[in-house]
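Student: Predicted model and sequence follow; I will ask about them next.
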Amino acid sequence: MTSMLTRKEVHSKMGKWYGYRRPDGQVGCRNYTLILSATVYANSTVERVANTIYGAIPITHHLGRCQTKSDLKMTFDVLCGMAKNPNVGGVVIVDHFREDLCNIDEMAEEISKSGKLIETVNIRDVGGAINGTAEATRKAMYMTRELSTYQREEVDISEFLFGLNCGTSDTTSGIASNPALGFCSDRIVKEGGRSILAEFPELMGAEPWLKAKAINEEVARKIDSEIDAYEQRIYATGEDIRGSQPTGDNIAGGISTIEEKSLGGAKKSGSAPIQDVIGYARIPGKAPGVYMMNTPGHGAESITGIAAAGSQLMVFSTGGGHTISHPIMPTIKITGNINSWQRMNDTVDLDLSGILAGTMSLEEAGDVIYNEVVATLNGKMTKADILLERTGFAIHRVGLSI
């Protein structure tokens, strides 16, 4: 098993960045006003408000009612996690009526634990959609004005929770962009930070390599049992996952089996110790290292779970090119495929094709990613930020609609 990093090793190598300190101690790399829909029927009002307020981020969804209790709790946890993410300075919650759990009262109570600014509007209580839009817009305007006075301060890399994900993987992913991302993750962990490795259906077959990095036997057993449980959950549907994993674009990119995809995907986590295995959207521990999160391979659901856990920024490795970006978690996209860079360079941020061309080592590529991460933490915009690309929000389902 891999040993834990010592405090002396961590603090002797810490880097710095500038972020917004929140009342609960977390640090954000952005300072968003979030307009949050409590239930599907508030979505239009949320979108109208966000379109009026400078820099506001809307979170809309099709859930919040007629769900099983466990599924509704998942929705509640994810929505509250969006508001508690350190990149959010304040939140306006918009409700339609008062559904069980996903309502402004219970959501505001949970989000208030973060100490950040919260306002609520119930469309029914204020007299309908027009009044609801006006009331929420007014509250968002004054909140945004207050947030504009917040200042960045210098903080350590140890305050950073790094999201790792990949999509549209091909044969270049596992030998270029993913291992380069692993070198970047290792550097962040050595400087006191933490990383989240997700996408459990895309780790099937990589268990021995992952378990060798676990800090102890208990974590190694959790890696085995959690990945196996996800696999059994898939089998219980009676479906054959071939064609879904690897996906059609993976197969077109030269990946032949889920094991091949998994061994390449696992490389995003580098060589740092795996501290724990955590549930979807759950907040990891404080020790430096890698935390495995039990998410699906579905990109938007996976990165949403990571954002709900408090990650300030993600690097998304893509072989074939991808447009995905999370609404509140800046998403840097990287590729090691020169063809994908040339076709998709208006949405992919970093070209790492020099790895396969022999002009860039994996370590050098890891440093390129690290420098881009720090610059983005300090305020540099990703291409997706500039294009308002917000395709990466989706809530994972654990039950049926009822």
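Tutor: Yep, it's here.

Student: in the stretch 201-350 of the chain, which spans are strands?
Tutor: 274-278, 289-293, 313-318, 331-335, 350-351 (DSSP state E, counting those that start in this stretch).

Student: hang on, residue 165 is in a strand, isn't it?
Tutor: Yes - assignment of residue 165 by DSSP: H, G, I helix; E, B strand; the rest coil places it within a strand.

Student: beta partners of it?
Tutor: residue 316 (DSSP bridges).

Student: Enumerate every residue touching it.
Tutor: Listed by CB atoms under 8 Å, 6 or more residues apart in numbering, the contact set of residue 165 reads 198-199, 268, 299, 302-303, 306, 314-317. Where C-beta positions appear, they are placed from N, C-alpha and C, glycine not excepted.

Student: what about the helices in the stretch 151-300 of the chain?
Tutor: 178-190, 207-211, 217-235, 248-252, 258-265, 299-308 (DSSP state H, counting those that start in this stretch).

Student: One more: the stretch 1-150 of the chain?
Tutor: Going by DSSP H, counting those that start in this stretch, the stretch 1-150 of the chain shows helices at 7-11, 43-52, 69-84, 104-111, 129-147.

Student: could those be laid out in TSV, adding distance to residue 123?
Tutor: Formatted as TSV, the helices of the stretch 1-150 of the chain follow (distance: least, CB to CB, whole Å):
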stretch	distance to residue 123
helix 7-11	48
helix 43-52	6
helix 69-84	17
helix 104-111	10
helix 129-147	4
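
Student: now those as CSV including mean pLDDT, mean neighbour count and distance to residue 372?
Tutor: Shown next, in CSV, are the helices of the stretch 1-150 of the chain (pLDDT from 0 to 100; neighbours: other CB atoms under 10 Å; distance: least, CB to CB, whole Å):
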stretch, mean pLDDT, mean neighbour count, distance to residue 372
helix 7-11, 44, 13, 23
helix 43-52, 98, 20, 28
helix 69-84, 97, 21, 24
helix 104-111, 97, 19, 31
helix 129-147, 98, 18, 26
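
Student: closest to residue 184 out of those?
Tutor: helix 7-11 (16.8 Å; CB to CB).

Student: ok so, going back, out of the helices of the stretch 151-300 of the chain, flag the one nearest residue 373.
Tutor: Closest approach to residue 373 among the helices of the stretch 151-300 of the chain (CB to CB): helix 178-190, 6.7 Å.

Student: Give me the contact list for the closest one.
Tutor: Outside helix 178-190, the residues that reach it (CB under 8 Å, 6+ apart) are 5, 9-10, 13, 157, 160, 162, 164, 166, 169, 194-195, 264-265, 267-273, 288-290, 315, 317, 334, 336, 352, 355, 362-363, 365-370, 373.

Student: In ChimeraX, select just the buried ones from the residues you listed.
Tutor: Buried residues among the contacts of helix 178-190 (16 or more other CB atoms under 10 Å), as a ChimeraX selection:
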select :5,10,157,160,162,164,166,169,194,195,264,265,267,268,269,270,272,273,288,289,290,315,317,334,336,352,355,362,365,366,367,368,369,370,373
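
Student: Now residue 231: closest residue in space, sequence neighbours ignored.
Tutor: residue 204 (5.8 Å; CB to CB, 6 or more residues apart in numbering).

Student: Do I have it right that that neighbour meets residue 227?
Tutor: Yes - assessed by CB atoms under 8 Å, residue 204 is found in contact with residue 227 at 6.0 Å.

Student: Please point out which parts of stretch 369-385 sit buried.
Tutor: Buried residues in stretch 369-385, counting neighbours by 16+ other CB under 10 Å, are found at 369-370, 372-374, 376-377, 382-385.

Student: Now do the end-to-end distance for it.
Tutor: Stretch 369-385 has an end-to-end distance of 17 Å (CA to CA, to the nearest Å).

Student: Check stretch 146-156 too.
Tutor: 26 Å.

Student: Relative to the whole chain's centre, how far out is it?
Tutor: Remark: stretch 146-156 is offset 22 Å from the chain centroid, using CA atoms, centre = their mean, to the nearest Å.

Student: ok, residues contacting it?
Tutor: Stretch 146-156 has contacts (CB under 8 Å, 6+ apart) with 14-21, 27, 31, 33, 89-90, 117, 191-192, 378-379.

Student: Mind doing that once more with 7 Å?
Tutor: 14, 16-21, 27, 31, 33, 89-90, 117, 192 (CB atoms under 7 Å, 6 or more residues apart in numbering).

Student: Likewise for stretch 294-310?
Tutor: Contacts for stretch 294-310 (CB under 7 Å, 6+ apart): 26, 77-78, 81-82, 85-86, 161, 163, 165, 167, 196, 198-202, 226, 230, 245, 277, 279-284, 293, 314, 324, 326, 328-329, 391-396.

Student: domain ranges for the chain?
Tutor: As given by automatic domain parsing, the domain ranges for the chain are 32-147, 156-386.

Student: Nearest to residue 402, out of those?
Tutor: Relative to residue 402, the nearest member of the domains of the chain by CB to CB is domain 32-147, separated by 5.5 Å.
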